[in-house]
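# Starting from these lines, generate the structure:
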Amino acid sequence: MKTLYKTLSIFIFLCSSLALAQSTQWSAWVNGDCGMCKERIEKTAKKNGATKAEWNDESKLLQLEFDAEKTSLDKILLEIAAVGHDNEKYKAKDDVYEKLSGCCHYERVNPPVKTSGTDSSTEKKDEKPAVAPQENTVEKHEEKNEEIDEHAGHNHAKVKDHAIEKVVITHTNAATAISKKSADLTFKIEPKELLKAACCNLSESFETNATVDVSFSNAVTGAKQLKMLGLDQKYTALTKELLPEIRGLASAYGLNFIPGRWIGGIQLTKGGSTVTNGFESITGQINTELLKFNKTPETNLNVFADFQGRTELNLTQTSQINDHWDQSILLHGNGTFGNVDDNHDGFLDRPKGNQLNAAYLLNYNDLGHSGLGSHFGITFLKDNRKAGQTNYDWQLAQNQQTAYGVGIDTSRFQVWNKTGFVFPGKPYQSIGWMNQFTYHQQDSFYGFRNYNGNQKTYYSNLIFESIIGNTNHKYKLGASFLYDLFDEKYINTLFKRTETVPGVFAEYTLTGDKYTLVAGLRTDFHNLAGTQLTPRLNFKYDISPKTILRLSAGKGFRTANVFAENQHYFASNRTVEITPNGGNIYGLKPEIAWNYGASVQQEFKLFNRKATIIADFFRTDFQNQVLVDLDQPQKIQFYNLNGKSFANSFQTQLDFSPVKNLDFRLAYKYYDVQADYTSGRKEVPFMAKNRGFFNVAYATNKKANDSFWSFDTTVQYVGKQRLPDTSANPVAFQLAPYSKEYITINAQIAYQINKNLRAYFGGENLTGYEQKNPIMDVKNPFGNYFDSSMIYAPIMPANFYVGFDVKF
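Okay, here's the model as predicted:
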């Protein structure tokens, strides 16, 4: 028996070895855009001899296995092109491409080209796939009769003679692009877009983006807030790795807690987002992805300093542990030093202090074999800020001070995990589970006012995804749970509450020849806000391959954190007054809003170059909105809306590349934001009706050593804004009803010395426009009229910075 067992084992081993020797594994680039494309590509490959065919719609890579004696890569790719899909070896005929369903009309970018002279039928598993690196370059070696066609900002090679020894043609994704597949209006912002500006943290990541408005909200604390669709950032879901991030106690300063050099990408969605991500999104969602391993290990060092005393150091490393595991180590430190007081009002122009921030990410990927993938992350932050009068003595106790000071100490810790499983043989069916715990502690004082807060949050989200019959009918089912424990103390008053929100949701996606419909509904059982139904609908229709219409409608709700979200008003002597309305959150009811939107995206040729214009309109209607009323003399009053509150937002944007390496972005925005205050219907303050935006970016061609120059300039026009009513103040402390309009210019020059070293120099607010007397009654900070929150324009003069990036 032992002899027979050994003989059979040897026979099986020899047969397996022979089969493996004849089997070929290959990765090929094939263009496509949707689930129907995936079915068509994989079916065609298997019909022509592939024993395994898996195509990924993001990477555009087709993984193949086939018997080299029965077929070849060349034959498979030829047949795939014959059914309408461009690939790295063959281009589909135009008439075949045009006959594809509307959702299958992928963007016909120039494909990477396989180096000739390599036997495609005998490539072994451990050899590299025939996909060129993602760089915006064209490398040509020993070529004959090549014609270069400059199109859409890239070099495209048209081969007249097949006697070309080696041609490598590559393309790149745009720094900011609109997702053509998404039913909602989503902008994908790549890391190279963030390199166009200083981008020290998330608040500075939108300086070259026309959709998001970011501005200072306080002249003492230096806090920045973003606005989208004409509304404050609290109405936008700010997530990290699709997990809740900047909310609750982090609302005021959380934009500073994600360093710019940690960001691997940003997805910005306007209007109602998917119900799978929660109920708090009203104007949209901004999701930040952290840096992760991508093909090759990288260690990057960034050093930054500006002329106003800010320094910054970033160290990031992404590496592969083995075939299934990779990791990211992200470190950040910054400090602001010196008593900068350029306007000589006796107050620091920006806070002093420091921040230490660290994160570790661990990823497991075995989706292609066992179907299992998991992502683990942990972060820790310590942030200390000091502001106020330059003569404030930080060695004395707060009650012994004669000068005005502000101190803000924040500690934050997060741990999370996302685990997913793809069912064997069913790439369309998966289940994912996300969990996160957040601890946030803030201890702060504003003059003699203390504000301390502690927040503990646990979030869990379980999602199952599958199809009904085929991939034209997809659905998601899931359940979520959110737990918030808030413990706040403002001056001598305690505010403590616990929010528990179990919820269930369902979402259905219908894909047709020219349309995509996403309909979702979630029900949340909030212990303080009651049961809430949240429907959302997104519809995309491809009028033509170059014209896309999108419609959206949806509801969102949230509980207002009136102290944490309005800390920028604490550096004043306004008294805080909350008018209860029978609710369970500070005596207030939850905010409910409906958002409706429509957009048209059009691609066309301008001077024979690719251009894209998009126009969108969104309206938000509120119920029970918690209004922040600044029109009451020496008060900040919070109360639920009794009447109407709405925001109309219109934006049109043109992206155009007139010549190679030169990109223009031009945008105009109009806002009409009004609310019924107790004193009548008024425009919401600090919101400009008219805004203009212009960005131009240029880069020189790369040299042999990978060196090149890049130049970027952004011009923004901000129209007049309604200012809070101060007519009851003494004449010396009264503001005009409206602010003045102004223009700002930011610019940066960068030199990529080689592939591992980059230097950059830039300037912000180069027009030097500053708000005059940003602090009201600045000489009497403990008087009734002292107020540093009436900010509508830059509060610092032109600032310059320099930085270096080193890759190891």
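# Give me the three-state assignment for the residue nearest the centre of the chain.
When C-alpha atoms, centre = their mean is applied to the chain, the residue found nearest the centroid is residue 266 (2.3 Å). Here residue 266 takes the strand state, with states given by DSSP: H, G, I helix; E, B strand; the rest coil.
# Now for it: which residues touch it?
188-189, 205, 286-289 (C-beta atoms under 8 Å, 6 or more residues apart in numbering). Using the backbone N, CA and C atoms, a C-beta is placed for each residue, glycine as well.
# all helices for the chain, in order.
Listed in chain order, the helices of the chain (DSSP state H) span residues 2-22, 35-47, 73-82, 94-98, 191-194.
# Now the weakest link among those, please, by mean pLDDT.
Within the helices of the chain, the least confident segment by mean pLDDT turns out to be helix 2-22, at a mean of 43.
# Wait, residue 259 touches residue 198, no?
No. Look at residue 259 against residue 198 with C-beta atoms under 8 Å: they stay out of range, at 11.7 Å.
# Low-confidence stretches in this structure?
1-24, 102, 111-174 (pLDDT under 70).
# Go again with 80.
For the chain, the stretches flagged by pLDDT under 80 are 1-25, 34-35, 58, 101-103, 110-176, 179, 199, 222, 272.
# Residue 604 - how many residues pack around it?
Counted by other C-beta atoms under 10 Å, the residues lying close to residue 604 total 12.
# Please renumber the chain so that the first residue is 42 from this point on.
Shifting the count to begin at 42 puts that one at residue 645.
# give me every residue that touches it.
So residue 645 contacts 587, 652-654 (C-beta under 8 Å, 6+ apart).
# For PyMOL, write the selection for the buried entries among the residues you listed.
Buried residues within those, by 16 or more other C-beta atoms under 10 Å, are selected in PyMOL with:
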select buried, resi 652+653+654
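# Next, format the contacts of residue 645 as a markdown table and append distance to residue 531.
Converted to a markdown table, the contacts of residue 645 look like this (distance: C-beta to C-beta, whole Å):
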| residue | distance to residue 531 |
| --- | --- |
| 587 | 55 |
| 652 | 52 |
| 653 | 48 |
| 654 | 48 |
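# what's the closest of the contacts of residue 645 to residue 451?
When the contacts of residue 645 are compared for distance to residue 451 (C-beta to C-beta), residue 653 comes out closest, at 40.6 Å.
# Give the bridge partners for the closest one, please.
With DSSP bridges as the criterion, the beta-bridge partners of residue 653 are residue 644, residue 696.
# so it touches residue 646, yeah?
No. Contact criterion C-beta under 8 Å: residue 653 and residue 646 do not qualify, at 10.9 Å.
# pretty sure residue 396 contacts residue 450?
No. Using C-beta under 8 Å, residue 396 is not in contact with residue 450, being 11.0 Å away.
# So for the two, which residues contact both of them?
Jointly contacting residue 396 and residue 450 under the rule C-beta under 8 Å, 6+ apart are 424-425.
# Who has more neighbours out of the two?
With other C-beta under 10 Å as the criterion, residue 396 and residue 450 differ in neighbour count, and residue 396 comes out ahead with 20 against 16.
# so who does that one touch?
297, 373-376, 422-425.
# Return the subset of the residues you listed lying in strands.
Among the contacts of residue 396, the members falling in strands (DSSP state E) are 373-376, 422-425.
# so what's the backbone phi/psi at the closest residue to residue 731 other than its chain neighbours?
With sequence-adjacent residues excluded and distances taken as C-beta to C-beta, 6 or more residues apart in numbering, residue 731 is closest to residue 760, at 3.6 Å. When read as degrees, to the nearest 10, the backbone of residue 760 gives phi -80, psi -180.
# Residue 760 touches residue 729, doesn't it?
Yes. Taking C-beta under 8 Å as the contact criterion, residue 760 and residue 729 are neighbours in contact, 4.3 Å apart.
# got a winner among the ones in strands among the contacts of residue 396 for most neighbours?
In those, the most neighbours by other C-beta under 10 Å go to residue 373, 24 neighbours.
# how much space between that one and residue 635?
Residue 373 is 39 Å from residue 635, where distance means C-beta to C-beta, to the nearest Å.
# Then residue 688?
11 Å.
# more neighbours, the two?
Under the criterion of other C-beta under 10 Å, the comparison of residue 688 against residue 635 puts residue 688 first, with 25 against 17.
# who are the neighbours in contact with the more buried one?
Taking C-beta under 8 Å, 6+ apart as the criterion, residue 688 is in contact with 270-272, 324, 659-661, 712-714, 725.
# repeat that for 10 Å
The neighbours of residue 688, taking C-beta atoms under 10 Å, 6 or more residues apart in numbering as the test, are 268, 270-272, 276, 323-324, 634, 636, 659-663, 712-716, 725, 728.
# List buried residues within those.
Neighbour counting with 16+ other C-beta under 10 Å marks 268, 270-272, 276, 323-324, 634, 636, 659-661, 663, 712, 714-716, 725, 728 as buried within the contacts of residue 688.
# Run a quick neighbour tally on residue 674.
Per other C-beta under 10 Å, the neighbour tally for residue 674 reads 12.
# Does it touch residue 769 like I think?
Yes. In this structure, residue 674 sits in contact with residue 769. The criterion is C-beta atoms under 10 Å, and the distance is 4.0 Å.
# The residue nearest to residue 731: neighbouring residues, count only.
A total of 18 residues lie near residue 760 under the criterion other C-beta under 10 Å.
# same question, residue 631
Residue 631: 20 surrounding residues under other C-beta under 10 Å.
# Also residue 608?
Applying other C-beta under 10 Å, we find 23 residues neighbouring residue 608.
# pretty sure it contacts residue 494?
Yes. In this structure, residue 608 sits in contact with residue 494. The criterion is C-beta under 10 Å, and the distance is 9.4 Å.
# what do those two both touch?
Common neighbours of residue 608 and residue 494 are listed as 290, 483, 485 (criterion: C-beta under 10 Å, 6+ apart).
# For the first one, give its distance to residue 579.
Same thing as residue 290. As it turns out, when the distance is counted by C-beta to C-beta, residue 290 lies 31 Å from residue 579.
# and what of residue 149?
26 Å.
# Could you do residue 314 as well?
Here residue 314 is placed at a distance of 9 Å from residue 579 (C-beta to C-beta).
# Residue 496 now?
Spatial separation of residue 496 from residue 579 under the definition C-beta to C-beta is 32 Å.
# Residue 380 too?
Separation of residue 380 from residue 579 (C-beta to C-beta): 51 Å.
# mind giving me JSON lines with the shared contacts of residue 608 and residue 494 and columns for neighbour count and distance to residue 800?
Compiled in JSON lines, those are given as follows (neighbours: other C-beta atoms under 10 Å; distance: C-beta to C-beta, whole Å):
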{"residue": "290", "neighbour count": "28", "distance to residue 800": "38"}
{"residue": "483", "neighbour count": "22", "distance to residue 800": "37"}
{"residue": "485", "neighbour count": "20", "distance to residue 800": "37"}
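# Same list (these) but as CSV, adding distance to residue 786.
Supplementary listing: those in CSV, determined by distance: C-beta to C-beta, whole Å:
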residue, distance to residue 786
290, 35
483, 35
485, 34
